[in-house]
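**Q** when you get a sec, could you give me coordinates for this:
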Amino acid sequence: MTALISILDDEPAIRAMLSEALTEAGFRTQSFGRATEFEAALRHATPDLCLVDLGLPDRDGLSLVHRLALEKGASVIIISGRAQVQDRITGLELGADDYIIKPFDPAEVVARVRARLRSQKPADSARRTARFNGWAAHFDRFALEDPEGRETALSQAEGAVLRLFLERPNRLITRAFMQESLGGTAGDSFDRAMDVRISRLRTKLRDDPKNPQLIKTIYGAGYIFLGEVAWS
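**A** Got it, this is the predicted structure:
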């Protein structure tokens, strides 16, 4: 089925522009001017990807991004006039997959949506669970299970990075390969997003960044995931 893209922005002109560009690109779209309307629609279906403006009239956009990423497992691209570096960092730390600053070219948004959706497709849909070092990653429900059986939710962004590591254990994964595989625009913004996601994964895996046992940084080159991985 054609991917459904939700557009949440309080400016009608921007909603119309994005909806037209995405529809012409072959996507289904739904648009909302207020967070309450959007959250009501979420009770019926979770979109494949959400474009979220931070400056909403009835809700803080950052808290909505956090809920979408962790509770709903939805991919999120922030579209905002806030160009401050700290706003971008905060959005990525809360689980957003990308951050686009207004004004923007609709063609760029379409390209980033396509890249994000491509990165969500697993290489082998039958490989739903990976077990490693006493842990289990359940990609059918985006959950991480520790050796004691306790589960922690993964965002779509965190899950995509973890899956990339688990499919290539004990091999160097370069930043260039991550950018190619996960989508996004190369540069400081993408590098910062990867740093944030890997930091969050280490925290959830209880992997000491000063002496990592699972995700090892190879400075100037990339990362290596250490361990034996079994898929089912």
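
**Q** count the residues that sit near residue 192.
**A** For residue 192, the count of nearby residues is 16 (other C-beta atoms under 10 Å). Backbone N, C-alpha and C define where each C-beta goes, glycine included.

**Q** is it true that residue 157 touches residue 197?
**A** Yes: Residue 157 lies in contact with residue 197 (C-beta atoms under 8 Å); the separation is 5.5 Å.

**Q** who has more neighbours, those two?
**A** Neighbour count, other C-beta under 10 Å: between residue 157 and residue 197, residue 157 has more, with 27 against 23.

**Q** per-residue pLDDT, that one?
**A** On pLDDT, residue 157 comes in at 82.

**Q** give me the secondary structure label for it.
**A** State at residue 157, reduced to three classes by DSSP: H, G, I helix; E, B strand; the rest coil: helix.

**Q** nearest residue to residue 27 other than its sequence neighbours?
**A** Excluding its sequence neighbours, the residue lying closest to residue 27 (C-beta to C-beta, 6 or more residues apart in numbering) is residue 5, at 5.0 Å.

**Q** is it fair to say the one you found lies in a helix?
**A** No: counting by three-state DSSP, residue 5 is not part of a helix but strand.

**Q** so who does it touch?
**A** 22, 27-30, 47-51, 113 (C-beta atoms under 8 Å, 6 or more residues apart in numbering).

**Q** apart from its chain neighbours, what residue comes closest to the residue most central in space within the chain?
**A** Centroid check for the chain by C-alpha atoms, centre = their mean gives residue 157 as the closest residue, at 2.8 Å. Counting by C-beta to C-beta, 6+ apart, residue 157 lies nearest to residue 97, which is 4.8 Å off, once chain neighbours are set aside.

**Q** contacting residues for the one you found?
**A** So residue 97 contacts 75-77, 116, 156-157, 184, 193 (C-beta under 8 Å, 6+ apart).

**Q** residues contacting residue 117?
**A** Per C-beta under 8 Å, 6+ apart, neighbours of residue 117: 3, 48-49, 75.

**Q** and with 7 Å instead?
**A** Residue 117 makes contacts with 3, 48-49, as judged by C-beta atoms under 7 Å, 6 or more residues apart in numbering.

**Q** how near is it to residue 133?
**A** According to C-beta to C-beta, to the nearest Å, residue 117 stands 31 Å off from residue 133.

**Q** ok, residue 53 next?
**A** 40 Å.

**Q** neighbour count winner among these two?
**A** A direct count of neighbours by other C-beta under 10 Å for residue 53 and residue 133 places residue 53 higher, at 22 against 13.

**Q** and stretch 87-97, how far out from the chain's middle?
**A** Put simply, stretch 87-97 sits 10 Å off its chain's centre (C-alpha atoms, centre = their mean, to the nearest Å).

**Q** got it, and stretch 206-216?
**A** Remark: stretch 206-216 is offset 22 Å from the chain centroid, using C-alpha atoms, centre = their mean.
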